[in-house]
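> need coordinates for the below:
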Amino acid sequence: MFVKITSVTALPDYVLLVGFSTGEFKQFDLKPLINKYPPFKSLVEVEGLYGQVKIDVGGYGLVWNDDLDISADGIYEKGVTSEPPRNMDAYKQKLVEEFVKARKSMGLSQKQLEILSGVPQACIARTEKGITDPQLTTLLRLLEPLGLTLSITDI
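Numbers count the residues shown, from 1 in each chain. Now for the predicted structure:
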C-alpha cells in the first residue's frame with residue numbers, strides 16, 4: 001500500500017506518532033533501529049536531534065539530517081496502530097469557557113478587562129467567540145488580571 005506521511009510528533013522514549021494520508025495513526029518505536037544501526041544512535045547521542053524530526057518533501061518519509069531518514073512505507077508496515085491525537089479544538093474551547101466563566105464571576109465586562117489587561121476589547125470578544133487564536137502573550141495578559149495562570153500537564 002502506498003501511503004504518505006501527513007504529521008509526526010516525537011513522543012518520549014524515542015517513539016514517533018505518525019499520521020498518514022489514509023487517516024490512520026501509528027506509533028513507531030525507534031529503539032530497535034537505534035540499537036542496531038549506528039547512524040540512528042545519534043538520535044540519543046546528539047542533544048535535541050530526536051525532536052528535530054521532519055516530514056520529507058512529499059511525505060515519503062521522515063528525516064532528521066542528510067544521514068538519517070526512514071521511509072513512510074517502513075513506518076506504516078512496522079508501526080503499531082494508534083489513536084489519533086486528542087482534539088486540540090476541544091482543549092481550546094475548554095480554555096475559552098474557563099476564561100469567560102472567570103471574567104464573568106469577577107463581574108468584569110470585556111471593556112473593563114481591556115483596561116486591566118491592555119488587550120483591546122475587540123480582541124477579547126473575538127477570543128471569547130472562538131473566532132481567533134490569541135498569541136500566548138495575549139492570553140497571559142488576559143489571564144493575569146483574573147488571577148489565573150496556565151500550566152503544562154500531560155494529556
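> who does the helix-or-strand element of the chain with minimal mean pLDDT touch, helix- and strand-wise?
Using mean pLDDT, DSSP states H and E, the weakest-scoring helix or strand in the chain turns out to be helix 88-105, at a mean of 85. Helices and strands touching helix 88-105, as assessed by 3 or more CB pairs under 8 Å, 6 or more residues apart in numbering; DSSP states H and E, comprise helix 121-129. Any C-beta I mention is one placed from the backbone N, CA and C, and that applies to glycine too.
> re earlier: just checking, next helix/strand downstream of the least confident helix or strand of the chain?
helix 110-117 (DSSP states H and E).
> what residues of that next one count as buried?
Using 16 or more other CB atoms under 10 Å as the test for burial, helix 110-117 gives 110, 113-114, 117.
> what of stretch 23-36?
Here stretch 23-36 shows 25-28, 30, 33-34 as buried, counting by 16+ other CB under 10 Å.
> quick one, domains of this structure?
5-82, 88-146 (automatic domain parsing).
> quick check: end-to-end length of the first one?
Right, the one you point to is domain 5-82. 14 Å (CA to CA, to the nearest Å).
> any idea of the mean pLDDT for the helix or strand where L143 lies?
Here L143, judged by DSSP H and E, is contained in helix 136-143. For helix 136-143, the mean per-residue pLDDT is 89.
> same check, this time on stretch 23-38
Here stretch 23-38 scores 95 as its mean pLDDT.
> just give me how far it sits from the chain centre.
In terms of CA atoms, centre = their mean, to the nearest Å, the centre of stretch 23-38 is found 20 Å from the chain centre.
> please render the buried residues of stretch 23-36 as a markdown table that adds distance to P84 and secondary structure to the earlier fields.
Shown next, in a markdown table, are those (distance: CB to CB, whole Å; DSSP: H, G, I helix; E, B strand; the rest coil):
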| residue | distance to P84 | secondary structure |
| --- | --- | --- |
| F25 | 5 | strand |
| K26 | 11 | strand |
| Q27 | 12 | strand |
| F28 | 15 | strand |
| L30 | 20 | coil |
| L33 | 24 | helix |
| I34 | 26 | helix |
